[in-house]
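Visitor: sequence below, structure please.
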Amino acid sequence: MYFRISLEDNISPFVKRWLKNNPRFISSVLKSTGYMVQNKLKVGIRGNFSGQKWQKRWPLEERRKLSSRAPSVWYGRLRSALGYAYNPGNSSVDIGWTSRTAAFEGNVQEEGTTKLVTPGLRRLFNKRGIHLRKTTTKLVTPARPFIEPTYEEIKPQIPEYINDKVQSYISNGGFIKNIGKGRKYTVYGE
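Guide: Numbers count the residues shown, from 1 in each chain. As a prediction, the model looks like this:
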């Protein structure tokens, strides 16, 4: 799951005209917008967004029996895997997971999953000190959506952010380009 932001949506005609006459600033505005949305999503990944109604988690002590690196916070290290990728071909920026593994794990968290309890899985749990009932035939990871609800909160702020960014470029006569190797990520969907 990822979101694409382009400059076609909800910006003033003046800003569209100015960007059209200054194509060099398009990438800067989009990258800056991607960075802003990425950071706000990283705050939201910790459950700091309205409408969060996730089921209570399994106790950390129990989760640590299965994996000593089980995260103590929601989504664990997936927060680091949120990023943005600029698409110069269609003047847009994608915000989402920056690796296939993170996309898979993130989608499991977002949409939930059901895993069948096989004899091997039952043995593994028993070996780690977690005893499942004989009637337990599946393990359910409930859906814990945060990307879409958080993005829906951020979305109305994007046109204003873009307009303000362009106004600052106009006021300052442009921007100073940092010279470096450049940052390039790929954002993966499902």
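Visitor: please count neighbours and contacts with C-alpha atoms only from this point.
Guide: Will do.
Visitor: in this structure Leu78 contacts Ala102, no?
Guide: Yes. Using C-alpha atoms under 8 Å, Leu78 is in contact with Ala102, at 6.4 Å.
Visitor: neighbour count: those two, which is higher?
Guide: Ala102 (21 against 18; other C-alpha atoms under 10 Å).
Visitor: Lys115 and Thr141, how far apart?
Guide: According to C-alpha to C-alpha, to the nearest Å, Lys115 and Thr141 sit 8 Å apart.
Visitor: those two: who's more crowded?
Guide: Taking other C-alpha under 10 Å, Lys115 and Thr141 do not tie; Thr141 has more neighbours (16 against 11).
Visitor: poorly predicted segments of the chain, please.
Guide: Along the chain, segments meeting pLDDT under 70 span 1, 9-10, 47-52, 173-185, 189-190.
Visitor: contacting residues for Leu78?
Guide: Listed by C-alpha atoms under 8 Å, 6 or more residues apart in numbering, the contact set of Leu78 reads 102, 106.
Visitor: next, it: phi, psi?
Guide: Phi and psi for Leu78, reported as degrees, to the nearest 10, are phi -60, psi -20.
Visitor: ok, it to Asp94 distance?
Guide: From Leu78 to Asp94 the distance is 17 Å (C-alpha to C-alpha).
Visitor: what about Glu8, how many residues nearby?
Guide: 12.
Visitor: can you get me a residue count around the closest residue to it other than its chain neighbours?
Guide: Distances taken as C-alpha to C-alpha, 6 or more residues apart in numbering place Lys16 nearest to Glu8, at 7.9 Å, with adjacent residues excluded. Lys16: 18 surrounding residues under other C-alpha under 10 Å.
Visitor: neighbours around Asn107, how many?
Guide: By other C-alpha under 10 Å, neighbour count at Asn107 equals 20.
Visitor: surely it forms part of a helix?
Guide: Yes. Counting by DSSP: H, G, I helix; E, B strand; the rest coil, one finds Asn107 located in a helix.
Visitor: the strands in the protein, which residues?
Guide: Secondary structure of the chain (DSSP state E): strands at 2-6, 82-87, 92-97, 113-116, 138-141.
Visitor: name the residues that touch the first one?
Guide: Residues from elsewhere that reach strand 2-6, judged by C-alpha under 8 Å, 6+ apart: 30, 34, 91-97, 187-189.
Visitor: how near is the nearest residue to Trp97 once chain neighbours are set aside to Thr113?
Guide: In space, and not counting its chain neighbours, Trp97 is closest to Leu82: 4.8 Å by C-alpha to C-alpha, 6+ apart. Noted for Leu82: a distance of 21 Å to Thr113, by C-alpha to C-alpha.
Visitor: many thanks, have a good one.
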